[in-house]
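Participant: Attaching a predicted model along with its sequence, questions to come.
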Amino acid sequence: MQAFEYANPASLQEALGQLGNKWGEADVLAGGTDQLSLMKEYLATPKRLVNIKNIKELGGIQNSKTGLRIGATVTLEELAENAEVRKAFPALAEAARGVSSPQIRNMGTVGGDLCQRPRCWYFRQGFGVLATKDGQALVPNGENRYHAILDNEGPAYFVSASSLGPALVALGAKVRLASASGHREVAAAKFFVKPANENAREIALLPNEILTEIIVPHEGTKNATYEVRQKEALDWPLATASVALKMKGSTVVSARIVLGHVAPTPWAATQADQALAGKAITAESAEEAAKAALADAKPLSQNGYKVQLARVAVKRALLEAVKA
Amino acid sequence: MIAGNRPSGYANVKIAGKKDGTITAWQSESWSTGGIGGGGSPPIPYVFDGIPNQRKNHTAVSTNCGGVRAWRAPNHQQACYLTDTAIEDLAAKLNLDPLVVFEKNLGLTPRADVYRAQLQKGAELIDWQKLWHPRGQSGPGSIKRGLGVAMSTWGGGGHNSQCRTNIHPDGTVEVELCTQDLGTGTRTIITMVAAETLGLPLGAVALKIGDSSLPPSGASGGSTTVGGVSSSSRKSAVNALAKLFDAVAPSLGTTPDQLAAVDGRVQVKNDPSKSLTWKAACQKLGVKGISEMGENNQRNPGGLNSSGVGGVQMADVSVDTETGIVKINKAVAVQDIGLVINPTTAESQIHGGCIMGICAALFEERVMDQQTGYMLNPDMEFNKLAGIGDIGEIIVHLDITPEHDKRGPVGLGEPAAIALITAIANATANAIGVRVPEIPLTPNRVLAALERRNA
């Protein structure tokens, strides 16, 4: 690990003043479950590390008529156990519970889950976020069993690692970002971006910004998340689906289906949304929606099986959402 | 400790049998990669090495990777998988219960009676009669359940080992040898052997290991540690006690051969009223204590240990045929290890062997990138291991019989980690009705096998 300066600010304003304008100058430390791994592997070598765990205003979950505010440093365990979250947003609680190590749930934060770097093993071995060697992309001809099956024409092939991302996109959440010059709000769907070059990041956050909170609007949806994960213990999902359904009786008025771990960003399956409108959720309609969701999938050489797994995730998430 | 990468093992196997399940012939084209030095040759057909007609051809393939090393029963997991999956496939083809086929062919193994008893015990513990069904007949629904069995053998024995027992005039006792404890209970069993020999409680014996200035004892490898150290520590304790008896006998008015060390006292065998406490007995040594050696010679253990064990492991799995995910409901291990010195640590080591079997069957794989030569999963994130929620229920039965006791300790570390991989693979085939011809049984491979079945 490269030596770094450690800053321990007590207020958001103080923290923002300690950030840099370029990546590599200063990194934010919250739970540290990804940041410290990156630093140990020299994948992150910040000159300064800014600890935000002591900033009170970044914590806590508050409910209001318009929505639920979730502070960036709320741990995944707090989120999964929160009564309001479990009641109104089971899709989010289940996504948090899917982070399958109690240690990571207890240390890892909501903001960290959104800002973590890709788990692509080429990236983690030092070949960059686009996984190239001598200008050639390694993933298409390499070990791509865990890589993207959608939006995978390059230059990025990794899958977004965020567990909460698909649920937040499905729930229409907004992400609030702060910098020394003010605040801005980004739709969760726009927070995740496919990097176009090696210097770009996979999230909309800028180097001089801190993710402060998430707002999940109360839309009264029936929602659920289903993860296909091989192991019960610490493991990354192979495919996930989060669904949020606006219902009238047993009929779907509108649906938002978002896939995880299948594309460089949480993947909004709008074809499936349309396939469900006006229908009841049954095994058959769920199966149809699952097919529609993956209609555009173009698997790489080793990850064709993920198409089936993502279909199963969609189907099971839909059936879970309407379970009495 | 001598360990590293486990070599791969592949084969095309043809196995022939009669309608009643009697195996008549074996033919295999096998290959394996063991890194830069080429691969080890798995001993196939495994356990059933008496199959009358055999034709075998093995190719060792060199690759530009790190060399092959021992990996808890080297070559045995591969051999077990290649043999017992073929036997299970034969049974399925003949519409026979694989347990019947395994039992029918025990005459082809070196220890038919041991395996017969173990198969019966295992079947009882996993409820085979009630839960087994013909391959693929697992009923409706997407979750399919199945049972599988596999058998193992291992050499074991006792490696070269020297041990020193020191008895001090103040009554303290030290046992010293340069062995190691990998967490398997070596400390416990050495202390037990020395304490029992000296008639003392465990707490009265101070054990020193793990320092090369101590008397030499073999490295951990081959499941030969317990055989070696129990023999050397027994002999050195016996020798030290004889010296103590020499010093004590005159004061008890008898000869050394009439003395015994029992319950912290040294007493006359036929007259316990004539005795000294251990401490009082040691005071007779004057200022100079006793320091006596004992040695196990691997080639001539003198009946204190032996080699060759058998084991049977069974698995009960559930497979989600929509996702290809295999879950372990229950694993059963029945294991002969000769004389069991400490059942708790022995059972614990078998639990460990089963967990490693589950890891290898379902998760573990070294992923090498052909473009860069990098290992892509050199961490606990993608080099997957089972956690508590992944191992199901493990039932261990130590095969303890008077016959096994007489053989002395044999060795346990490796035999316990062989057969479960294959039992899980066989259980999966039984559940989903088709063989997944590789391990680990990843969702990718299970789904591909199901697709082939449905094609």
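Facilitator: Yep, that arrived.
Participant: Tell me how many other residues crowd residue 74.
Facilitator: All of this is about chain A. Residue A:74 sits with 23 neighbouring residues when counted by other CB atoms under 10 Å in any protein chain shown. Every residue, glycine included, has its C-beta placed from N, CA and C.
Participant: Oops, wrong one, chain B.
Facilitator: 21.
Participant: contacting residues for the residue nearest to it when sequence neighbours are not counted?
Facilitator: Nearest non-adjacent residue to residue B:74, counting by CB to CB, 6 or more residues apart in numbering or on different chains: residue B:40, 6.2 Å away. Counting by CB atoms under 8 Å, 6 or more residues apart in numbering or on different chains, residue B:40 touches B:7, B:32, B:34, B:60, B:68, B:74-75.
Participant: What's the local residue count around residue 129?
Facilitator: Because you didn't say which chain, this covers chain A. Neighbour tally, residue A:129, other CB under 10 Å: 23.
Participant: that's the wrong chain, I meant chain B
Facilitator: 10.
Participant: Spatially nearest residue to it (excluding sequence neighbours)?
Facilitator: residue B:123 (6.8 Å).
Participant: can you check residue B:7 too?
Facilitator: In space, residue B:7 is closest to residue B:34, 3.8 Å off (CB to CB, 6+ apart).
Participant: now swap in residue A:4 and tell me
Facilitator: residue A:49 (5.1 Å).
Participant: tell me the secondary structure for that neighbour?
Facilitator: strand (DSSP: H, G, I helix; E, B strand; the rest coil).
Participant: so where do the helices sit in chain B?
Facilitator: B:76-93, B:98-104, B:112-126, B:128-131, B:186-198, B:225-248, B:278-283, B:343-362, B:402-406, B:420-432, B:443-454 (DSSP state H).
Participant: and residue A:283, which of those helices is closest to it?
Facilitator: helix B:443-454 (19.2 Å; CB to CB).
Participant: Could you see whether chain A lies near the closest one?
Facilitator: Yes - looking at helix B:443-454 against chain A by CB under 8 Å from any CB of the partner chain, the contacts come from B:443-444, B:447-448.
Participant: count of residues packed around the closest residue to chain A within the stretch 101-250 of chain B?
Facilitator: In the stretch 101-250 of chain B, the residue that lies nearest chain A is residue B:142 (9.1 Å; CB to the nearest CB). As a burial measure, residue B:142 scores 10 neighbours (other CB under 10 Å).
Participant: Equivalent analysis for residue B:268, please.
Facilitator: Here the number of neighbours of residue B:268 (other CB under 10 Å) works out to 17.
Participant: got the contact list for it?
Facilitator: Taking CB under 8 Å, 6+ apart, we find residue B:268 in contact with B:252, B:254, B:258-260, B:274-275.
Participant: Relative to chain A, which of those is nearest.
Facilitator: residue B:260 (52.4 Å).
Participant: could you pull out the strands for the stretch 101-250 of chain A?
Facilitator: A:132-133, A:136-137, A:174-179, A:182-187, A:210-217, A:222-228, A:239-248 (DSSP state E, counting those that start in this stretch).
Participant: who's in contact with the closest residue to chain B within the stretch 51-200 of chain A?
Facilitator: Distance from chain B to each residue of the stretch 51-200 of chain A (CB to the nearest CB) is smallest for residue A:121, at 4.1 Å. Contact partners of residue A:121, counting by CB under 8 Å, 6+ apart, are A:143, A:146, B:367, B:376-377, B:382.
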